[in-house]
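Asks: Curious how this folds, go ahead:
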Amino acid sequence: MTKKLNITQVKSIIDRPKKQKLTIEALGLGKPNNSIIHNDTPQIRGMVKVVSHLVKVEEIEE
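Replies: Down below sits the predicted model:
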């Protein structure tokens, strides 16, 4: 079984630093309440940590 992460953007990226905007875009998000599922990798975890105040993360067992 591989772990996956359901990442949901909960806040807007308006008036955020460029690094945070680019990280949200790299995750495949962009608008509040959008969700995307990614594999649980160190790279994804690092991106989530950068924008942790803008997203909600749920672990999914698959």
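Asks: for His38, what are its contacts?
Replies: By CB atoms under 8 Å, 6 or more residues apart in numbering, His38 lies in contact with 4-5, 7, 27-28, 44. Bear in mind the C-beta positions are built from the backbone N, C-alpha and C, glycine included.
Asks: Please pick the buried ones from those.
Replies: Buried members of those, counted by 16 or more other CB atoms under 10 Å: 4-5, 7, 27, 44.
Asks: Which of these fall within helices?
Replies: In helices, judged by DSSP state H, the following of those are found: 27, 44.
Asks: which pair in the buried ones among the contacts of His38 spans the largest distance?
Replies: Spanning the widest gap among those are Lys4 and Leu27, at 13.5 Å by CB to CB.
Asks: Please report phi then psi for Val57.
Replies: When read as degrees, to the nearest 10, the backbone of Val57 gives phi -120, psi 130.
Asks: okay if I get the contacts of His38 as TSV plus pLDDT and distance to Arg16?
Replies: Output for the contacts of His38, formatted as TSV (pLDDT from 0 to 100; distance: CB to CB, whole Å):
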residue	pLDDT	distance to Arg16
Lys4	97	26
Leu5	97	21
Ile7	98	16
Leu27	97	14
Gly28	97	17
Ile44	97	19
